[in-house]
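*Asks:* what follows is a protein structure lacking sequence information:
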């Protein structure tokens, strides 16, 4: 029965083509199927990467395609590593990464822990908490620009209501001191739910009977938290930190929408510097070198981190 | 160690009554085994005593104190769960030391070490104290779990089928070890199982649970030889007791009202038919090595009994069967005296 169906299908295929297909081995067929994906990957990922590596050794400028391209060797890299502005941008980035991760992990884990109490309506609150994460960053950025607006913004209004400072003095986006925090607040608002979700998965993976055993063993709630909950959820927390760390190291959209790197260059993170060099100054070769340095830095840090994560998991 | 009294305890989950009006008294130093099929309420009974569940009705006294509303930590019980409930990120040593390091106890670290090493030797895991608890075999994990209960000297040890997930050989070993440890410590222990061999070999008394009701409680010998009803009779004995309708075989001594006769191996005299008359035919003889199971057809019924390994009976042999003071049951399933 099955054989006959297969025969019919084979017969329905035009004879020359059928012959060809029958001649392909399983492995050949597999390659045939994945080749579009591989070609696409090569075209839009692998090739640009290698092209950027090539460009990073040249003085190429994308706005002057007819100029003769000169090979500069490692000159671009040397200039970047000696450039004071670049180092300031890296510090700004590190500052953002540190505070966003710290806030998102602490708040995210706390929320997850509360949701995991399984109180009445916890499913409803989970959904509510997840809303910011589901919005598009562009929407969130514009939306918060309104909230931060000194004259009409809700955020400024609430701050002035609580502190008594006139709302026009709460210049979140244009004050040198406050601007970095305005971005940290938005990023935390948007991505804490993501951290919470991962932490919640971790907390849910701890079996109930471990807690029951601890309870019979007379461990206080405090001790249960420190000796069971936290260590067993730690791999998940670390995973969330990894994801958010990589993501925020290249944070661009929110900064670009909210402050554009200003006031001055107080919120100019590495990716904003990169964009300015590449598409405002059109120093394509130079910015390629910078992009490669950033890539290597993130890749290296992530690798070290994953090793640490695996160590924790193996325990 | 202390005695435990459960009086009129009922616990329901939704519409299901897990434990129904249970009365149970466990004496100080006694080893009581609760035996019953899945869903009989054995585990719920343990959890009620440990305080992991609150009874809907009734009281629980531990060591003379009313513990009905106390939290698990206030009750002084030790629990061995059916799953290996080890703390996976801790070493064997730290798992065993966990109950001793409770801030409420304040044991000096040196005393903790001594006690842990002592218990580790007792459950024969002392060579793996530094191992991660996740890197142990199933038997080793369960030994650690048992050890973690033993490091303390609680009012009562509660064990929920601690051996059920182990292989047969290890189960037999640990069964003996547990019994030895219990009598060495003089520990009060309530042990739950659905394995009749564990119940028979370890218990001072066996309680038979069915559908949340304690059907009978007594020494293994009493439960075996004087079961209260058909349910209890069917739970013990290997091969299982033969339940035959009255009148199938000559049953001269049966009391009035007998409807079912329960016959184990020791209640049956089976011989090769000598002169024409026969009660049944041998179906086959099952060779188990040290013993044989004899399968006999009597009318529409089948009997299974033990027989000597060197029995002369064989397939197709016609046999006579006589009762030797069997168990008699009335129409309601209760045993008749």
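*Replies:* Cool, got the structure. All figures in this text were calculated on a predicted structure; none of them were measured in a lab. Numbers count the residues shown, from 1 in each chain, chains lettered A, B, ... in the order given.
*Asks:* next up, the contacts around residue 59.
*Replies:* The chain I'm using is chain A. A:69, A:70, A:72, A:285, A:286 (CB atoms under 8 Å, 6 or more residues apart in numbering or on different chains). For glycine as for every other residue, the C-beta is placed from the backbone atoms N, C-alpha and C.
*Asks:* can you look at chain B instead?
*Replies:* With contact set as CB under 8 Å, 6+ apart, residue B:59 has these partners: B:5, B:6, B:7, B:8, B:9, B:66, B:68.
*Asks:* show me how far the helix or strand harbouring residue B:206 is from its chain's centre.
*Replies:* Taking DSSP states H and E as the definition, one finds residue B:206 inside strand B:205-210. Averaged C-alpha coordinates place strand B:205-210 at 8 Å from its chain's average position (CA atoms, centre = their mean, to the nearest Å).
*Asks:* centre of the chain to the helix or strand following that strand, how far?
*Replies:* Toward the C-terminus, strand B:205-210 is succeeded by strand B:213-218 as the next helix or strand (DSSP H and E). Taking the mean of its C-alpha atoms, strand B:213-218 sits 12 Å from the chain's own mean (CA atoms, centre = their mean).
*Asks:* how about the residues of chain A near chain B?
*Replies:* Residues of chain A that fall close to chain B, judged by CB under 8 Å from any CB of the partner chain: A:207, A:209-210, A:212-220, A:223, A:227-228, A:231-232, A:315.
*Asks:* gap between the two ends of stretch B:147-164?
*Replies:* Counting by CA to CA, to the nearest Å, the length from the leading to the trailing residue of stretch B:147-164 is 17 Å.
*Asks:* just how off-centre is it within its chain?
*Replies:* Distance, stretch centre to chain centre, for stretch B:147-164: 15 Å (CA atoms, centre = their mean).
*Asks:* which of the residues in it are buried?
*Replies:* Of the residues in stretch B:147-164, those scored as buried under the neighbour-count criterion (16 or more other CB atoms under 10 Å in any protein chain shown) are B:147-152, B:154-163.
*Asks:* restrict those to those near chain A?
*Replies:* When these are checked against chain A using CB under 8 Å from any CB, the ones in range are B:148, B:152.
*Asks:* are any of the residues of chain A next to chain B buried, and which?
*Replies:* Here the buried ones among these, as counted with 16+ other CB under 10 Å, turn out to be A:209-210, A:212-219, A:223, A:227-228, A:231-232.
*Asks:* ok, back up a step: and the furthest pair within the buried residues of stretch B:147-164?
*Replies:* With distances taken as CB to CB, the most widely separated pair in those is B:155 and B:163, at 22.8 Å.
*Asks:* burial count for the closest residue to residue B:101 other than its chain neighbours?
*Replies:* In space, not counting the residues next to it along the chain, residue B:101 is nearest to residue B:112; the distance is 6.6 Å by CB to CB, 6 or more residues apart in numbering or on different chains. A total of 19 residues lie near residue B:112 under the criterion other CB atoms under 10 Å in any protein chain shown.
*Asks:* wait, is residue B:112 part of a strand?
*Replies:* No: applying DSSP: H, G, I helix; E, B strand; the rest coil, one finds residue B:112 to be helix, outside a strand.
*Asks:* touching, it and residue B:100? I think so.
*Replies:* Yes: Residue B:112 is within contact range of residue B:100, at 4.7 Å (criterion: CB atoms under 8 Å).
*Asks:* flag every residue of chain B that's near chain A.
*Replies:* Taking CB under 8 Å from any CB as the test, the list of chain B residues beside chain A reads B:50-52, B:71-73, B:77-79, B:81, B:83, B:85, B:87-90, B:98-99, B:102-105, B:132, B:148, B:152.
*Asks:* just the ones of those in strands?
*Replies:* Among the residues of chain B next to chain A, the subset assigned to strands under DSSP state E consists of B:77, B:78, B:79.
*Asks:* for the second one, give the beta-bridge partners.
*Replies:* Each beta-bridge partner of residue B:78 is listed here: residue B:157, as defined by DSSP bridges.
*Asks:* what does the pLDDT read for it?
*Replies:* Note for residue B:78: predicted pLDDT of 91.
*Asks:* below-threshold pLDDT in the chain: ranges please.
*Replies:* All of this refers to chain A. Within chain A, the ranges that satisfy pLDDT under 70 run A:1-22, A:315.
*Asks:* switch to chain B, please.
*Replies:* Residues of chain B that meet the criterion pLDDT under 70 lie in B:1, B:103-105.
*Asks:* remind me, longest helix of it?
*Replies:* Counting residues, the longest helix found in chain B (DSSP state H) is helix B:168-185.
*Asks:* just checking, what packs against whatever helix or strand comes next after that helix?
*Replies:* Taking DSSP H and E as the definition, the helix or strand that follows helix B:168-185 towards the C-terminus is strand B:189-193. Strand B:189-193 is packed against strand B:31-35, helix B:42-50, strand B:156-160, helix B:196-202, with contacts defined by 3 or more CB pairs under 8 Å, 6 or more residues apart in numbering or on different chains; DSSP states H and E.
*Asks:* which parts of stretch B:213-232 are buried?
*Replies:* B:213-218, B:220, B:223-224, B:227-232.
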